[in-house]
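> The sequence isn't on hand, but the structure is:
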């Protein structure tokens with residue numbers, strides 16, 4: 001569907017909290033230098049797990065430096081702490097902290113955020129206290145007695161994936177459209193795409209959009225280990241994330257948030273804001289295949305990319321850089337490459353396509369938003385970030401330009417960013433220089 005007769009949508013603010021830091025310029029320069037945020041897991045003792053490393057946000061991070069109303073956020077979990085920091089940065093970048101005439105009824109939020117950190121120790125302690133070894137059952141009264149003593153209602157509520165949205169609404173007094181989706185690894189890309197649709201049709205003037213997530217806890221790591229999706233390269237964690245490499249063995253779990261301020265071009269111009277980029281295309285599709293397997297021919301990913309290009313009114317030859325989903329699993333990298341070739345044909349190898357997951361790990365629901373911010377910075381600086389740890393490209397990807405090891409100066413006017421989630425959700429955004 002063409003967006004010709006709809007409002008144009010621009011990005012005026014960006015912010016992130018990542019395993020490489022949380023200041024936009026600092027993190028961007030670290031990405032361009034090919035630095036890695038992966039290290040031994042510190043959130044919990046992972047020494048007995050098949051994977052003993054992750055890409056964690058530094059313990060030095062303090063969300064309170066980014067908020068005005070810290071008293072309403074006292075019980076929040078990590079995912080909301082990340083969301084508030086990223087959104088606070090984006091708000092300031094957009095100059096909205098100095099704009100006192102914003103119609104809050106037309107300020108909306110659309111997030112793709114995941115659940116917060118589980119209160120794992122107390123949950124397990126309650127289960128153990130209620131366990132009857134003779135009947136092999138958990139006795140509810142014993143479980144409840146222990147849980148009542150150690151588990152807090154507010155802490156439990158803060159684990160829900162809608163809570164970052166609730167706290168952002170309170171922090172920024174956003175009374176407009178409010179949504180959260182959790183479509184796995186595609187969530188924040190989908191959120192940004194759908195926030196764009198809200199603005200295009202005139203249902204809001206400004207949208208805060210992006211995602212936040214952490215799954216670096218025993219349940220999260222156990223689940224991905226059981227799916228054999230995580231890298232187990234424990235000997236050298238910093239080289240464990242190897243998208244497009246012949247010896248890739250799974251993704252590295254990361255955490256963080258990415259947030260953007262989207263607004264109609266008319267609204268941005270009226271308040272004198274300087275757009276950082278324009279969202280020109282959004283495509284979405286479902287594999288309709290299996291819960292944890294990608295459709296092997298990449299049909300869903302092809303549809304998503306084609307829809308985004310059509311929405312933008314662009315041809316494949318107009319794309320200058322592709323921010324790959326690029327997880328480093330055998331299946332994803334192979335099928336994503338097949339899909340890109342299916343869309344771009346003979347030109348596929350002429351377009352730089354890299355994965356910052358090699359440096360940040362996989363931020364799950366937050367990944368797409370953070371990766372879109374790198375596209376905006378690539379447009380600004382005419383540089384594309386590298387795929388590190390790509391010592392030996394998979395022979396099946398011969399001819400593809402995966403930007404190994406080093407960032408590169410390049411002419412970048414239009415970027416395409418892919419996110420593909422468990423369950424077969426595919427989302428693609430196209431942004432161009434403002």
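Arrived safely. Bear in mind that the values here come from a model prediction, so they are computed numbers and not experimental data.

> Return the distance of stretch 315-327 from the chain's centre.
17 Å (C-alpha atoms, centre = their mean, to the nearest Å).

> for it, which positions count as buried?
316, 319-327 (16 or more other C-beta atoms under 10 Å). Where C-beta positions appear, they are placed from N, C-alpha and C, glycine not excepted.

> which one of those residues is nearest residue 84?
Among the buried residues of stretch 315-327, residue 323 lies closest to residue 84 (C-beta to C-beta), at 24.9 Å.

> The closest one pairs with what?
Beta-bridge pairing for residue 323 (DSSP bridges): residue 354, residue 417.

> Would you mind confirming that it makes contact with residue 417?
Yes: applying C-beta atoms under 8 Å, one finds residue 323 in contact with residue 417, separated by 4.1 Å.

> which residues do these two both contact?
Among the neighbours of residue 323, those also in contact with residue 417 (C-beta atoms under 8 Å, 6 or more residues apart in numbering) are 371-372, 375.

> Of these, which is the nearest to residue 109?
Using C-beta to C-beta, these come closest to residue 109 at residue 372, 16.6 Å.

> State the helix or strand in which that closest one lies.
Using DSSP states H and E, residue 372 sits in helix 367-381.

> Beyond that helix, next helix or strand please.
Downstream of helix 367-381, the first helix or strand assigned by DSSP H and E is strand 383-384.

> In the sheet, which strands lie alongside that next one, parallel or antiparallel?
Partners of strand 383-384 in its sheet, by DSSP bridges: strand 408-409 (antiparallel).

> can you confirm residue 400 is in a helix?
No: with DSSP: H, G, I helix; E, B strand; the rest coil as the criterion, residue 400 is assigned coil and is not in a helix.

> That one contacts residue 244, doesn't it?
Yes: using C-beta under 8 Å, residue 400 makes contact with residue 244 at a distance of 7.3 Å.

> so what sits against both of the two?
Joint contacts of residue 400 and residue 244 (C-beta under 8 Å, 6+ apart) are 337, 393.

> Of the two, give the one with the bigger neighbour count.
Comparing residue 400 with residue 244 by other C-beta atoms under 10 Å, the one with more neighbours is residue 244, at 28 against 21.

> residues in contact with the closest residue to the more buried one other than its chain neighbours?
Distance criterion C-beta to C-beta, 6 or more residues apart in numbering; nearest residue to residue 244, sequence neighbours excluded, is residue 402 at 4.5 Å. Counting by C-beta under 8 Å, 6+ apart, residue 402 makes contact with 243-244, 324, 353-355, 387, 390, 393.

> So residue 402 versus residue 248, what's the distance?
11 Å (C-beta to C-beta, to the nearest Å).

> looking at this structure, which helix or strand is least sure?
Every helix and strand of the chain was ranked by mean pLDDT, DSSP states H and E. The lowest is helix 153-157, at a mean of 87.

> The helix or strand hosting residue 284 pairs with which strands, and in what direction?
Using DSSP H and E, residue 284 maps to strand 277-286. With DSSP bridges as the test, strand 277-286 is paired with strand 9-17 (antiparallel), strand 425-433 (antiparallel).

> Reformat those as CSV; add mean neighbour count, distance to residue 237 and mean pLDDT.
Below are the strands paired with strand 277-286 laid out as CSV (neighbours: other C-beta atoms under 10 Å; distance: least, C-beta to C-beta, whole Å; pLDDT from 0 to 100):
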stretch, mean neighbour count, distance to residue 237, mean pLDDT
strand 9-17, 27, 20, 98
strand 425-433, 26, 29, 98
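
> out of those strands, nearest to residue 192?
strand 425-433 (6.2 Å).

> and the angle from the closest one to helix 367-381?
20 degrees (axes from the mean of the first three to the mean of the last three C-alpha atoms, to 10 degrees).

> Break the chain into its domains for me.
Following automatic domain parsing, one gets these domains for the chain: 10-117+159-433, 120-157.

> what's the first-to-last distance across the longest one?
By that I understand domain 10-117+159-433. Start-to-end span of domain 10-117+159-433 (C-alpha to C-alpha, to the nearest Å) is 10 Å.

> do you know which of the strands paired with strand 277-286 lies nearest residue 144?
strand 9-17 (36.3 Å).

> related to what we said a few turns ago, the helix holding residue 372 - what's its average pLDDT?
In this model, helix 367-381 has a mean pLDDT of 98.

> Out of the domains of the chain, indicate the one that is most buried.
Of all those, domain 10-117+159-433 has the most neighbours on average by mean count of other C-beta atoms under 10 Å, namely a mean of 22.

> just how off-centre is it within its chain?
Using C-alpha atoms, centre = their mean, the offset of domain 10-117+159-433 from its chain centre is 3 Å.

> what about stretch 109-116, start to end distance?
End to end - C-alpha to C-alpha - stretch 109-116 spans 18 Å.

> pLDDT of it, averaged?
94.

> next one: stretch 60-79
94.

> picking that back up, name the residues that touch the least confident helix or strand of the chain?
Contacts of helix 153-157 (C-beta under 8 Å, 6+ apart): 75, 77, 119, 163.

> ok, so of the buried residues of stretch 315-327, who is nearest residue 304?
residue 325 (10.4 Å).

> so who does that closest one touch?
185, 332, 336, 355, 367, 418-420.

> SS state for it?
Residue 325 ends up coil, using three-state DSSP.

> where's it relative to residue 175, distance?
Counting by C-beta to C-beta - residue 325 and residue 175 are separated by 34 Å.

> And for residue 37?
For residue 37, the distance to residue 175 - C-beta to C-beta - is 36 Å.

> Over to residue 159?
25 Å.
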